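A.B. asks: Mind looking at a prediction? Sequence and model below.
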Amino acid sequence: MKIVVIGGTGLIGSKLVAQLTGDGHDAVAAAPSTGVNTYTGEGLEEVLTGADVVVDVSNSPTLDDAAKEFFQVATTNLLAAESAAGVSHHVALSVVGTAEMAPQSGYFQAKLAQEELIAAGRVPYTIVHATQFFEFADTLADSATVDGVVRMPPAYFQPMAARDVARGVAAVAVDAPAGGIVEIGGPEAVLLPDLLRTALTARGDGRPVVADPDATYWGVDLDERTLCPGAGARLSATRFEDWLREPAAAR
C-alpha cells in the first residue's frame, strides 16, 4: 500500500514513515524539504500518483490566528489533489479537546476549520485526535513560566510518547476510513502541574511548579478534563516515568 505522509520529516511524521515502512508499506515522506508543499501545491500531483492513503501530520508554521489561512489553503489544495489522484483514505492528525478550546484560541479555531473541511470533502477520511506528547513537556513549562515560576491550571491531561502517536496513526491509516474522529491517548490521566514538576526535576531544572486555578493553557481556560480523551479512546502503554528513563528522552 502506498501511503504518503504529509509532514513526513517532522517529529511524528518521521516516526510514522518508519513505522509504516517496517510494516511493509510504501511510505513516502512529503514535506517542503522533499519538494512537496501543500500550501503552494508544489509537488502534490507527482507524490500522490498511485497513492492509496494520505496521512497529514503537518502543522502550521505559527500557532496563532495566522494558522487559519495555512490550514484553509493547504487542506483545500491537498484534498483536491487527493480527489484527482483517486486516494481512498485521508487521515489527519488533530488534538483532543479541539472543539472545546476553539472559542478561546485562534489556533484551535484553525484546527477545527481544517476538520470541517475534511469532513465536507469528497475523500473518505479519519481524523485522529491525539493527546499531548511527552516530548513537549519542557516547551509547555516554558510557555507557563512567569517570574521564574511555572503556573499551570490543576487540570488533567493524558499525554503520550511521540512514537506511540505514530503507532496509533499508522493503525488508523491502514484501516477503513472511520468517517469521523478516532481518539488516541496515553495510559493514564495526570494533573498538568504534577507531570511538569516530574519533567523538570528529571532535567535538573529547579523552577517551582504551582497549581494555579487562574492560569491558562496556551491562553485557554481549561475544564478539569478538556485535554483527556473519551471512554472509547485507544490508549498506549508507555508511561511518562518510564519514558524519562530512556536515553532518547534524556537527550
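C.D. replies: Structure's in. What do you need?
A.B. asks: pLDDT weak spots in the stretch 151-251 of the chain?
C.D. replies: Filtered on pLDDT under 70, the stretch 151-251 of the chain yields the residue ranges 248-251.
A.B. asks: mind listing the strands for it?
C.D. replies: Using DSSP state E, counting those that start in this stretch, the strands of the stretch 151-251 of the chain run over 156-157, 181-185, 190-191, 209-211, 234-235.
A.B. asks: quick one, which of those is nearest to Asp142?
C.D. replies: strand 209-211 (12.1 Å; Cβ to Cβ). In short, each C-beta sits where N, CA and C put it, glycine included.
A.B. asks: quick one: contacts of that closest one?
C.D. replies: The contact list for strand 209-211, computed with Cβ atoms under 8 Å, 6 or more residues apart in numbering, reads Ala141, Val149, Val150, Arg151, Met152, Pro153, Pro154, Leu191, Pro193, Leu196, Arg197, Leu200.
A.B. asks: do the same with stretch 190-198
C.D. replies: With Cβ under 8 Å, 6+ apart as the criterion, stretch 190-198 contacts 137, 140-141, 144, 150, 152-159, 209-211, 217, 227, 240-241, 244.
A.B. asks: would you list every one of the strands in the stretch 1-150 of the chain?
C.D. replies: Going by DSSP E, counting those that start in this stretch, the stretch 1-150 of the chain shows strands at 2-6, 26-30, 53-56, 89-95, 125-130, 145-146, 149-152.
A.B. asks: export the strands of the stretch 151-251 of the chain to JSON lines and tack on mean neighbour count and distance to Leu48?
C.D. replies: What follows is the strands of the stretch 151-251 of the chain, written out as JSON lines (neighbours: other Cβ atoms under 10 Å; distance: least, Cβ to Cβ, whole Å):
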{"stretch": "strand 156-157", "mean neighbour count": "22", "distance to Leu48": "35"}
{"stretch": "strand 181-185", "mean neighbour count": "22", "distance to Leu48": "23"}
{"stretch": "strand 190-191", "mean neighbour count": "16", "distance to Leu48": "40"}
{"stretch": "strand 209-211", "mean neighbour count": "18", "distance to Leu48": "45"}
{"stretch": "strand 234-235", "mean neighbour count": "16", "distance to Leu48": "27"}
